[in-house]
Every structure is written in structure tokens, then in C-alpha cells.
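[1] okay, structure incoming, though there's no sequence with it:
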């Protein structure tokens with residue numbers, strides 16, 4: 001899976017999807033030190049962006065290398081049983097089957113502070129947050145279309 005390399009002129013998202021709804025940490029986020037890969041620096045304040053401090057697990061790295069770091073996290077999460085299931089240029093959604101049925105969801109969001117000047121040495125961030133609930137839960141069946149019964153003759 002190819003992650004777009006963040007550029008200074010790139011217009012990123014307004015806020016990560018999990019910023020709106022608090023959730024219990026996914027098991028993978030229980031030990032943050034185990035999630036800091038080479039080239040990343042633990043960033044518990046998440047750059048003081050989007051109100052993520054204390055709500056998401058974040059790492060930082062120079063903006064020029066954040067795409068490569070994202071690829072390393074994708075590979076690492078695969079070894080932990082997380083499979084990429086969707087996303088867009090700056091977000092990857094992961095799914096992992098639970099032993100008792102259902103699935104956990106996790107998302108990785110790439111972002112940076114768009115309010116200040118940017119350069120290749122500016123900090124970029126990868127934020128990780130759980131997706132609440134069972135992401136593999138069966139979707140409700142669509143309602144059957146109403147049928148009209150012709151009047152009896």
C-alpha cells in the first residue's frame with residue numbers, strides 16, 4: 001500500500017476522525033514504548049493539535065520522512081495481526097479479528113501543524129487511535145421495498 005509523502009504545500013485533513021469520539025485504547029496502544037519505531041519520537045502531546053493529547057498515541061518525525069515512517073508502521077502493524085482495510089492519502093484504517101469473533105479497528109493518521117511555516121525539517125506526526133465498537137459487525141439488512149398488492153377483483 002502506497003502512502004502519499006506529505007509535502008509542505010499539501011492541504012491535509014481538518015481533524016482525525018477519532019478526535020470527535022473518545023474510545024478505550026486498542027490493545028496495541030497499551031504499551032506505547034513498544035510502538036516507537038526507529039526514526040520516530042514519542043509525542044504524547046500529539047503536537048498539541050486537534051485535541052489529541054491523551055486521546056491518541058502519536059509519534060513525530062521530520063516531515064520529509066513521515067511517508068517512509070508510515071510505511072514502516074504499516075509493515076510493523078501487519079506483523080501484529082493488523083490488516084490495512086481502507087483509508088486515503090493520509091489515513092489508513094486497520095482491522096484485526098478478535099479471538100471470540102468480531103474485529104478491532106485502528107486508524108493511523110498523518111498530519112502536521114498547518115498554522116506555521118513548513119519545511120522538510122518541520123515535524124510531521126502519525127497519530128494512532130482505536131475505532132470504537134466492532135468494526136466487523138454485520139450491517140443491518142436494508143429494508144425490503146414496499147410492495148403494492150393489487151386490489152382483489
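    Cool, got the structure. All figures in this text were calculated on a predicted structure; none of them were measured in a lab.
[2] drop to CA atoms for contacts and neighbour counts, all remaining ones
    Will do.
[3] distance check, residue 102 against residue 135.
    Note on residue 102: its distance to residue 135, by C-alpha to C-alpha, to the nearest Å, is 7 Å.
[4] show me where the chain has helices.
    Applying DSSP state H to the chain gives helices spanning 66-79.
[5] quick one: low-confidence ranges for it?
    Within the chain, the segments meeting pLDDT under 70 span 1-33, 138-153.
[6] ok, now with 80
    Under the criterion pLDDT under 80, the flagged ranges of the chain are 1-34, 120, 137-153.
[7] ok, the spatially closest residue to residue 110 that is not a sequence neighbour - contacts?
    Computed as C-alpha to C-alpha, 6 or more residues apart in numbering, the closest residue to residue 110 that is not its neighbour in sequence is residue 126, at 4.6 Å. Counting by C-alpha atoms under 8 Å, 6 or more residues apart in numbering, residue 126 touches 58, 59, 60, 66, 70, 108, 109, 110, 111.
[8] how many residues are close by the fourth one?
    By the measure other C-alpha atoms under 10 Å, the count of residues near residue 66 is 28.
[9] before we move on, what about the last one?
    Residue 111: 27 surrounding residues under other C-alpha under 10 Å.
[10] touching, it and residue 124? I think so.
    Yes: judged on C-alpha atoms under 8 Å, residue 111 makes contact with residue 124 at a distance of 6.0 Å.
[11] what is the burial count for the closest residue to residue 97 other than its chain neighbours?
    Taking C-alpha to C-alpha, 6+ apart, and ignoring the residues beside it in sequence, residue 97 has residue 103 as its nearest neighbour in space, at 4.3 Å. Burial of residue 103 is recorded as 17 neighbouring residues (other C-alpha under 10 Å).
[12] gap between residue 103 and residue 39?
    Distance check for residue 103 against residue 39: by C-alpha to C-alpha, it reads 30 Å.
[13] before we move on, what about residue 57?
    The span separating residue 57 from residue 39 equals 16 Å under the rule C-alpha to C-alpha.
[14] who has more neighbours out of those two?
    Neighbours per residue, other C-alpha under 10 Å: of residue 57 and residue 39, the larger number sits with residue 57, 26 against 14.
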